[in-house]
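Visitor: Quick one: sequence plus predicted model below, questions after.
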Amino acid sequence: MIEKIEKIKIDFENDVNAVVSVKELEDVRIKYLSRNGSIASLFEELKSVPKEEKPALGKELNSLRNFAQTNFDIRKEGIEKNNSSSKSKLDLSLPGREYLLGNKHILTQTLNDIKSIFKSLGFSVKEGPELESDYYNFEALNFPANHPARDMQDTFFVSKDFLLRTHTTPVQIRIMEKQKPPIRAIMPGKVFRNEAVSARSYCLFHQVDGIYIDENVSFAELNGTLVAFAKQFYNEDLKYRFRASYFPFTEPSAEMDITCFLCKGKGCRVCKHSGWLEILGCGMIDPNVFKSVNYDSEKITGYAFGMGIERIALLKYGINDIRLYFENDFRFLKQF
Ligand code: DAH
């Protein structure tokens, strides 16, 4: 009888482990654990074994029954759990999921618009490295060491001489070193500043610089080019003004303002009640910059300008927080 007990135990284990459906589970229950099952019939047999063998065999049989019942219950629970989760996976009454097509990020769209306007005005597009040397970011642009204008740029220094560029203006130097005038190019790219993140400033943003260098380039040409750009980018009836300003790499320097998009010049919170919004910096390239690339500043003149792409876009679309550009919130992105 002890061999029978062992055989049933092995058979039961094989069968219960192979169960994958409720139906098979029920078959196993009937075969081993029901009133006419094989374990019950062993209890029947126990009645006819010699009296002195009964206690030991009875103990074996009880432990077989407990073993079978416990393992059966565990398997049952597993099957039921599986069934309910596969049922929810196959709920055909659920509405289908909508698959949305992506579109270009608003900053990419804005940069593409800027590029296509300047390309139509005869500018080519050039890029430069994001990791810059102190020389290109400051020194060659007429910011000598300890120049107070360096304070305007909160810089991420990587080492004593290398940094994450704080503007795209160093690409001007890289182009001038490689090319002789006439040069007409714009230089878009990422820039980095170690500023506290807020609705108005972010540690990473994008700029586009531009230059036109030749003989006899005048401020009037700079003015004409930027007005043509602003009218195409914003609208034809746009009002604008140029204000005197200061940049180490241009002389004279100016900033261009356009009428506030929100109050149309009447004065509001966005334009700090002035009616005007600054869109870019510009000026005639300083002779000291030409000196650092060995151009003859007696013969060569040129203009330069630079703008922030986030700012240009937020003024066009009325975006009130620069962080929105970088958070990838679908509710924001899908509006453009
Ligand atoms: N680099 C300046 C900045 O980051 C922007 C700028 C102003 C660029 C005047 C220019 C320029 O090329 O002529 O604030």
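Guide: Now that the structure is in, tell me what you want to look at.

Visitor: Only C-alpha atoms from now on, for both contacts and neighbour counts.
Guide: Will do.

Visitor: How far off centre is the lowest-mean-pLDDT helix or strand in the chain?
Guide: Within the chain, no helix or strand scores below helix 54-89, which has a mean of 84 by mean pLDDT, DSSP states H and E. With CA atoms, centre = their mean, to the nearest Å as the basis, helix 54-89 stands 51 Å off its chain's centre.

Visitor: now do stretch 217-228
Guide: With CA atoms, centre = their mean, you get 36 Å for stretch 217-228.

Visitor: Could you grab the helix/strand/coil label for E255?
Guide: strand (DSSP: H, G, I helix; E, B strand; the rest coil).

Visitor: ok so, going back, buried residues, the least confident helix or strand of the chain. List them.
Guide: Residues L57, L61, L64, R65, A68, F72, R75, K76, I79 are the ones in helix 54-89 that count as buried (16 or more other CA atoms under 10 Å).

Visitor: same deal with stretch 280-292?
Guide: L280, G281, C282, G283, M284, I285, D286, P287, N288, V289, F290.

Visitor: among those, which are within reach of the ligand?
Guide: For the ligand, the contacts drawn from those by CA under 6 Å from any ligand atom are G281, C282, G283.

Visitor: domain ranges for the chain?
Guide: 2-88, 106-333 (automatic domain parsing).

Visitor: coming back round to it: in strands, which of the buried residues of stretch 280-292 appear?
Guide: Secondary structure from DSSP state E places L280, G281, C282, G283, M284, I285 of those in strands.

Visitor: Could you list the residues in contact with stretch 107-122?
Guide: Contact with stretch 107-122 is made by 124-125, 184, 186, 188, 225, 229, 232-233, 309-310, 313, 325, as judged by CA atoms under 8 Å, 6 or more residues apart in numbering.

Visitor: let me fix that: stretch 8-18
Guide: Stretch 8-18 has contacts (CA under 8 Å, 6+ apart) with L25, V28, Y32, S38, I39, L64, A68, N71, F72, R75.

Visitor: The fifth one: which element?
Guide: Going back to what we said before, that points to I39. Element membership for I39, per DSSP states H and E: helix 38-46.

Visitor: re the thing from before, same list (the contacts of stretch 8-18) but as TSV, adding distance to the ligand.
Guide: Formatted as TSV, the contacts of stretch 8-18 follow (distance: CA to the nearest ligand atom, whole Å):
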residue	distance to the ligand
L25	74
V28	78
Y32	83
S38	87
I39	87
L64	83
A68	78
N71	73
F72	74
R75	69
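
Visitor: Go through those and name the one nearest F249.
Guide: Using CA to CA, R75 comes nearest to F249 of these, at 78.5 Å.

Visitor: For the closest one, give me its contacts.
Guide: Counted by CA under 8 Å, 6+ apart, R75 has contacts V16, N17, V19.

Visitor: Spit out the contact partners of the last one.
Guide: Contacts here follow CA under 8 Å, 6+ apart; on that basis V19 touches L25, R75.

Visitor: Check it and give its pLDDT.
Guide: Note on V19: pLDDT of 87.
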